[in-house]
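1. Pasting the sequence and the predicted model now:
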Amino acid sequence: MKPRGKALLAGVVVALVAVFAVIWTTRDKPVELTAGTASYAVRLTVDSPRIGGNAVLVEVTDLAGAPVVADEVTVEPVMADMGHALTPVPATAAAPGHYRADPTDLPMAGLWELTVTVRRDRASEHAVFTLVI
């Protein structure tokens with residue numbers, strides 16, 4: 001193997017080790033993500049993300065920071081790379097502005113998009129989050 005090929009191979013191995021180290025050390029910790037819509041700030045927390053059922057917590061506030069009491073909140077998991085679009089999971093209200101979609105099934109490892117839909121007063125807004133399992 002040429003020196004350039006060895007260097008490239010070594011770089012790929014180091015990158016893979018780094019990715020697996022990050023995944024291994026963070027897999028038992030909650031992941032907290034934030035996104036916004038035109039009217040809302042949305043925080044999504046997944047407690048110990050894993051293959052299978054996950055508890056997804058959603059916090060919705062207006063742009064001034066006040067809790068939003070929505071008519072409906074759903075979490076829709078999509079793995080675009082594999083063509084998986086799962087049924088949206090209805091989130092139940094736990095407190096004003098706090099919702100829980102449990103269980104939210106993520107049936108395989110990889111890159112997931114979780115779309116949170118907030119419906120209030122006949123209008124729906126969507127916040128999209130990226131999660132790696």
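-> Everything's here; your move.
2. In the sheet, which residues pair with residue 61? Tell me.
-> Beta-bridge partners for residue 61, by DSSP bridges, are residue 41, residue 67.
3. burial measure for it, as a count.
-> Counted with other Cβ atoms under 10 Å, the neighbours of residue 61 add up to 17. C-beta here means a position set from N, CA and C on the backbone, and glycine is covered the same way.
4. Surely it touches residue 39?
-> No - the pair residue 61 / residue 39 is not scored as a contact, 10.1 Å apart, by Cβ atoms under 8 Å.
5. Now do the strands in this structure.
-> Ranges of strands in the chain, per DSSP state E, are 31-36, 40-46, 52-62, 72-79, 84-85, 89-95, 98-106, 111-120, 123-132.
6. and those strands, which one's lowest on average pLDDT?
-> Across those, strand 84-85 has the smallest mean pLDDT, namely a mean of 92.
7. List the neighbouring strands of it plus their orientation.
-> strand 72-79 (antiparallel).
8. Off-centre distance for the partner strand?
-> The chain centre lies 9 Å from the centre of strand 72-79; the measure is Cα atoms, centre = their mean, to the nearest Å.
9. mind saving the C-alpha coords of that strand as PDB?
-> The C-alpha atoms that make up strand 72-79 are tabulated as PDB, following Å, rounded to 0.1, in the frame of the first residue of the first chain:
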ATOM      1  CA  GLU A  72     -52.500  18.800  19.700                       C
ATOM      2  CA  VAL A  73     -48.800  17.900  19.700                       C
ATOM      3  CA  THR A  74     -47.400  15.000  17.700                       C
ATOM      4  CA  VAL A  75     -43.900  13.600  17.100                       C
ATOM      5  CA  GLU A  76     -43.300  12.000  13.700                       C
ATOM      6  CA  PRO A  77     -40.100   9.900  13.300                       C
ATOM      7  CA  VAL A  78     -38.700   9.700   9.700                       C
ATOM      8  CA  MET A  79     -35.500   8.000   8.500                       C
END
